[in-house]
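Asks: what would the 3D arrangement of this be:
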Amino acid sequence: MSTANLFINGEWKSALDGGTREILNPANNQAIATVADASVRDPEVAIAAARKAFDDGAWPRMRAGERASYLFKLADAIDGRAEEFAVLETRNNGKPLREAKYDVADAANCFRYYAGLITKPQGQTFEVPDPNITTMVVREPIGVCGQIIPWNYPLLMAAWKLAPGLAAGNCCILKPAEATPLTAIKLFELIAHVGFPPGSAQLVLGPGPTVGHALAASPLVDKIAFTGGTATGRKIQEAATGNLKKTTLELGGKSPNIVFADAPCSEFTPARARCAAPVRACCCKNRSPTASCRAWPKQPTKLSWATDWIPRRRWDHSSAAATWSACWATSKPAKPRELQSSAAASASPMPGCGMATSLPRLSSQKLTPKCALCAKKSLDPS
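Replies: I've put the predicted structure just below:
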């Protein structure tokens, strides 16, 4: 692969100082590509190009339908090379090929979704005391957007950032994670092929302290969107504060799973390989009713269908019952005081439930997926 991997102002460029980085296959730690590694000067060039493209260029001044046509073409181009994207995602990121194929399809559909959305205006009007005046909210593009994404969903995260930003008429600069830039490079090959105007979409590879900081600190950038770790998010927020730019931070550290000291680990097999993509989001216990990363007892007690999918919190051998990290009640919603248990209880709410509650031990009676406090149904795996 060529090291001219920075897509700046409609052209492929090498890093100005000639820096490169080896990209490894996480399955075997073998190098699969060498790509450009930007210095601080490269994002400055990209920012200047984006600023000029937004202030004087064609992209933000196009009709919504015309911008949508570019996004539809890009979505079709992704579909046309779906297998190539999926294989490259698996080699670079390490997730199973099946999951990579889902991500590629989702990425294409994300561009289609926003392409369709912008052709359907949803303005708001407000009454004012003067009957001769109409007040209307008009949504306009923010400007130059710096977009920084993590390694866990390289292509799909790029789509989630670029699609809405470009659809609204912004000029976007994408910085992928240092370790997983290959499908982003492939995506920008299609952006170049479709013919997006110069400066409307740009790609800068490089380390966060260099490229990411430059995007966050520059007064020429109007918006930063970041997904990643909390510590890095704090640094981005601090860098962006100097010019009061808009920031959107999706940070980690959510929903840890706690294993207590008295947990009988010998009774559990290792977590099954259902957490197919090696990602943080897939492993948060309250993001999926299947609780992807979970340890199963070797001989689970037969209770009901509920026990086949609710994540195990701890196992009580004395009563052969479990305490679960979700809200469950009998078919008749119980009052809060009826939920008190003599055993140690969890305070984790069920997925989709806004209430936290102490949980009873499960019994063999028929269970229904309802929170006892709000009676809000959870997802039914049956």
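Asks: is it fair to say residue 22 lies in a helix?
Replies: No: according to DSSP: H, G, I helix; E, B strand; the rest coil, residue 22 belongs to no helix; its state is strand.
Asks: please enumerate the helices of the stretch 1-150 of the chain.
Replies: Along the stretch 1-150 of the chain, counting by DSSP state H, counting those that start in this stretch, helices occupy 41-56, 64-80, 82-93, 97-117.
Asks: okay, these in CSV with distance to residue 206 next?
Replies: Using the backbone N, CA and C atoms, a C-beta is placed for each residue, glycine as well. CSV is the format used below for the helices of the stretch 1-150 of the chain (distance: least, Cβ to Cβ, whole Å):
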stretch, distance to residue 206
helix 41-56, 7
helix 64-80, 24
helix 82-93, 16
helix 97-117, 23
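Asks: to residue 145, which of those helices lies closest?
Replies: Distance to residue 145, taken as Cβ to Cβ, is lowest for helix 41-56 among those, at 8.3 Å.
Asks: and of the helices of the stretch 1-150 of the chain, who's closest to residue 16?
Replies: Across the helices of the stretch 1-150 of the chain, closest to residue 16 is helix 41-56 (Cβ to Cβ), at 4.8 Å.
Asks: which strands and helices sit next to the closest one?
Replies: strand 6-8, strand 144-148, strand 171-175, strand 201-203, helix 213-217 (3 or more Cβ pairs under 8 Å, 6 or more residues apart in numbering; DSSP states H and E).
Asks: save the helices of the stretch 1-150 of the chain as a markdown table, and put in mean pLDDT, distance to residue 211 and mean neighbour count too.
Replies: As requested, the helices of the stretch 1-150 of the chain are exported to a markdown table (pLDDT from 0 to 100; distance: least, Cβ to Cβ, whole Å; neighbours: other Cβ atoms under 10 Å):
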| stretch | mean pLDDT | distance to residue 211 | mean neighbour count |
| --- | --- | --- | --- |
| helix 41-56 | 98 | 5 | 21 |
| helix 64-80 | 97 | 23 | 18 |
| helix 82-93 | 97 | 18 | 20 |
| helix 97-117 | 97 | 22 | 19 |
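Asks: and residue 180, which of those helices is closest to it?
Replies: Across the helices of the stretch 1-150 of the chain, residue 180 has its closest neighbour in helix 82-93 (5.2 Å, Cβ to Cβ).
Asks: hang on, the earlier thing: need the helices and strands packed on helix 41-56 in JSON lines with mean neighbour count, can you?
Replies: Listed next are those as JSON lines, based on neighbours: other Cβ atoms under 10 Å:
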{"stretch": "strand 6-8", "mean neighbour count": "25"}
{"stretch": "strand 144-148", "mean neighbour count": "28"}
{"stretch": "strand 171-175", "mean neighbour count": "29"}
{"stretch": "strand 201-203", "mean neighbour count": "28"}
{"stretch": "helix 213-217", "mean neighbour count": "24"}
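Asks: ok, which of the helices of the stretch 1-150 of the chain comes nearest residue 219?
Replies: helix 41-56 (9.5 Å).
Asks: which residues touch the closest one?
Replies: By Cβ atoms under 8 Å, 6 or more residues apart in numbering, the list of residues contacting helix 41-56 from outside reads 6, 8-9, 13, 15-17, 59-60, 141, 143-144, 146, 170-173, 175, 197-200, 202, 204, 206, 210-211, 214-215, 218, 220-221.
Asks: among the helices of the stretch 1-150 of the chain, which is nearest residue 229?
Replies: Between residue 229 and these, the tightest spacing by Cβ to Cβ is seen for helix 82-93, at 17.1 Å.
Asks: same for the closest one, what does it pack against?
Replies: strand 20-25, strand 30-36, helix 97-117, helix 154-167, helix 182-194.
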